[in-house]
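K.L.:
how would this look folded up:
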Amino acid sequence: MGKRFSDDRNFRLIIAGILVVVLTILLINNATKEQKSLEDYAWEYIDGQVEIYKGAQWGKFKILDKKITKLEQASSLEGLLDRPVELWRLEYRLKVDDPEGVVLAGGMNMEDGWLTEDSSMGKPYLVFTYQGDKLVYLGNLNSQDIIPLDTKASQEVAIRQLLEDMDLIPKETFEGNHVVIQFPLSTGERAQLLLSQPVKQGTDGIWAVERWMDGNGFIYYDIPAFEEDITIKEYYFKLQAEVDEGNESWLLDPLEVGYEYIVNTLGQVLVKRSDLVIIDPATIDDFLTTPESHYIGYITMMNLEDSLFHLDRVEFLTQEDEERAKELGLDINYDMPSGFYVYNQDTYPMAFYVSEDTEYLLLDWVDLSKHKNVTKKDFIEYNKNLSYSPLYNIYTKDGFVTRIVEQYIP
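P.N.:
Below you'll find the predicted structure:
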């Protein structure tokens, strides 16, 4: 019995030892697989592009070979994460079997029978950071994307947008005080700016527009215009130093900074200071809430089947709009006998989209101070049965109409 027990024990020890060796090998292999190099990630990106070419419906060609021709660091940026973020430029070539069968569409290019990395979005860049000694791939950018990658400032903004989309950093460039300024665009939609103090907080700190949002909720990041190839933070430190010396004191007023940006950077020259709505102090949530836009006009092309309809936009002026009436050459006493004037400059219709949540509000003709909520079907029938075209106020947010309200005309 003793010998058999000993044999069983030895057998179990041997099996356990084998399992330990196998487990160790598996762990080493897995660790090795996880420790990818820059080249590994570059090849993964290239292989993804090859698959796109294979699935394309245009062009008749096969890819026979591939090679990396350049993989170099374009920049290393501090301050975005608690560790450096690196931007690497990637260039590669794809050998095709039949160059004549390649349709060079969307910025594509070919050299000596090899497709280059060029596309409609420009050249690819890979973004990396580190966790200890481990390389971490964050994603890719393109040189001709919405944000170009030709300066340190533009690279910083493009990488920031990538990191914000990944929820790795807050959706603000500068922590601290914020002001939101809402204003009308020439297209009628309402947009807004986010202003921050990039260097100092308080009355001695300059203000800067770091981003703005249009009426559909799309956010655009500002890249300050300066000649030196420096970071945005370095630029604002220099600007703050100039103000500290008594120059450009208007940069201490967020209203002046915002208005200058609206008129000179965004080109909204018709916007007046009286058109601005100021939220001060503001939070990031104030900015991330899409502003509601307002239009007024005549509705056409609305039916039950489609979400799209057209609006012949007008201006509805009352005798209180003296300044605007003067701009249009109107006499509020002569041209507004009923107390209002409909100015229809453009007859080209604007397109709008309704959703299942859109409200349709018609005048309550028993009590004209009120409106009644009706269905889309009833709204359409109401307009069909009228011998005239009513004016409607259209309110939009995030690209959709939130409500349609009939305008009372005396």
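
K.L.:
going forward, measure contacts between C-alpha atoms and count neighbours the same way
P.N.:
OK.

K.L.:
and the helices in the protein?
P.N.:
Secondary structure of the chain (DSSP state H): helices at 2-34, 38-55, 152-165, 232-244, 254-260, 284-288, 322-327, 376-384.

K.L.:
mind listing what's buried in the fourth one?
P.N.:
In terms of neighbour count (16 or more other C-alpha atoms under 10 Å), helix 232-244 has its buried residues at Ile232, Tyr235, Tyr236, Leu239, Gln240, Val243.

K.L.:
surely the last one meets Tyr236?
P.N.:
Pointing back at Val243 there. No. The criterion here is C-alpha atoms under 8 Å, and Val243 misses it with Tyr236 at 10.5 Å.

K.L.:
how many residues are close by Thr129?
P.N.:
20 (other C-alpha atoms under 10 Å).

K.L.:
report pLDDT for it.
P.N.:
Model confidence at Thr129, expressed as pLDDT, equals 97.

K.L.:
closest to Ile380 among the buried residues of helix 232-244?
P.N.:
Set against Ile380, the nearest of the buried residues of helix 232-244 by C-alpha to C-alpha is Ile232 (52.6 Å).

K.L.:
how about the closest one: what's its closest non-neighbour residue?
P.N.:
In space, and not counting its chain neighbours, Ile232 is closest to Ala153: 5.5 Å by C-alpha to C-alpha, 6 or more residues apart in numbering.

K.L.:
neighbours around the one you found, how many?
P.N.:
By the criterion of other C-alpha under 10 Å, Ala153 has 23 neighbours.

K.L.:
and it, what does it touch?
P.N.:
By C-alpha atoms under 8 Å, 6 or more residues apart in numbering, the contact list for Ala153 reads Ile223, Pro224, Asp229, Ile230, Thr231, Ile232.

K.L.:
kindly recompute the last result at 7 Å.
P.N.:
The neighbours of Ala153, taking C-alpha atoms under 7 Å, 6 or more residues apart in numbering as the test, are Ile223, Ile230, Thr231, Ile232.

K.L.:
distance of the residue nearest the centre of the chain from Asp357?
P.N.:
Nearest to the mean C-alpha position of the chain, counting by C-alpha atoms, centre = their mean, stands Ile219 at 3.9 Å. Separation of Ile219 from Asp357 (C-alpha to C-alpha, to the nearest Å) stands at 24 Å.

K.L.:
ok, Asp275 next?
P.N.:
29 Å.

K.L.:
low-confidence ranges in the stretch 301-410 of the chain?
P.N.:
Scanning the stretch 301-410 of the chain for pLDDT under 70 picks out no residues.

K.L.:
related to what we said a few turns ago, ok, the residue nearest to the centre of the chain touching Leu193?
P.N.:
No. Contact criterion C-alpha atoms under 7 Å: Ile219 and Leu193 do not qualify, at 9.6 Å.
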